[in-house]
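Q: have a look at this prediction, sequence included:
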Amino acid sequence: MRHRKDHRKLSRTHQHRRALLRNLVTALFQYERIETTLAKAKEARRLAERMITFGKQGDVAARRHVSTFVFKPEIVGKLFDTIAPWYEGRNGGYTRIIKLGRRLGDAGETCYLELVKSVEQKEQERQARIAAAEAKALAQATEKPAKKAKAEAEEAAEAAAEAKPKRGAKKDKAGTGAGGGSKPRRGPRKTGG
């Protein structure tokens, strides 16, 4: 029976477990989606939802409390300014766990831990991704002629370098260029000894 068993220990000491969970929560707020094991995700979810609730409060005491847990000050600012307003009308359930299956190697069950977003937010992100992809394609299209000109210049430089005889190259008996002019060795190489 699991009476009075509050959390998963994750096979770590108290300090190691706390540092791990702080890292996971900080990464979740930074990237808005992380991939981890199921047990770690379930533990990080508890703490992330508490931090978002503090972010919704928005007062100085809540900001100080969150800043003692979340590692980076810029992520604390993101939590209070960007993430917390998403959930003003929502009472809990700010994160979602999506199971991915078992990991190769140790067969650990993996999952995504992500922040829940509204339909409008998803559509805005989709539009931003499309615009970024179009800008990238346009940049590549204008870059191709410049790359061709650069490649042609490099080929011309290589051809010019090959036309010049190399400095200090030995001439063979016919006097045509590189090569020693001696017969190739046959048989095993003898070492002194």
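A: Alright, I've got the coordinates. Nothing here was measured: the structure is a model prediction, and the numbers come from that model.
Q: show me where the chain has helices.
A: Along the chain, counting by DSSP state H, helices occupy 14-31, 38-57, 60-69, 73-78, 84-86, 119-163.
Q: what's the most buried one of these?
A: Each of those was assessed for mean neighbour count using mean count of other Cβ atoms under 10 Å. The highest is helix 38-57, with a mean of 19. C-beta: built from backbone N, CA, C; applies to glycine.
Q: which helices and strands does that one pack with?
A: helix 14-31, helix 60-69, helix 84-86, strand 95-102, strand 109-115 (3 or more Cβ pairs under 8 Å, 6 or more residues apart in numbering; DSSP states H and E).
Q: relative orientation of the first one and helix 60-69 in degrees?
A: Angular relation of helix 14-31 and helix 60-69 on a 0 to 180 degree scale: 110 degrees, by axes from the mean of the first three to the mean of the last three Cα atoms, to 10 degrees.
Q: how does this protein divide into domains?
A: Following automatic domain parsing, the chain resolves into domains at 14-117, 118-157.
Q: tell me which residue is most central in this protein.
A: Among the residues of the chain, the one closest to the centroid is Y31, at 9.6 Å (Cα atoms, centre = their mean).
Q: let's see the pLDDT reported for it.
A: On pLDDT, Y31 comes in at 96.
Q: fine, thanks again, bye for now.
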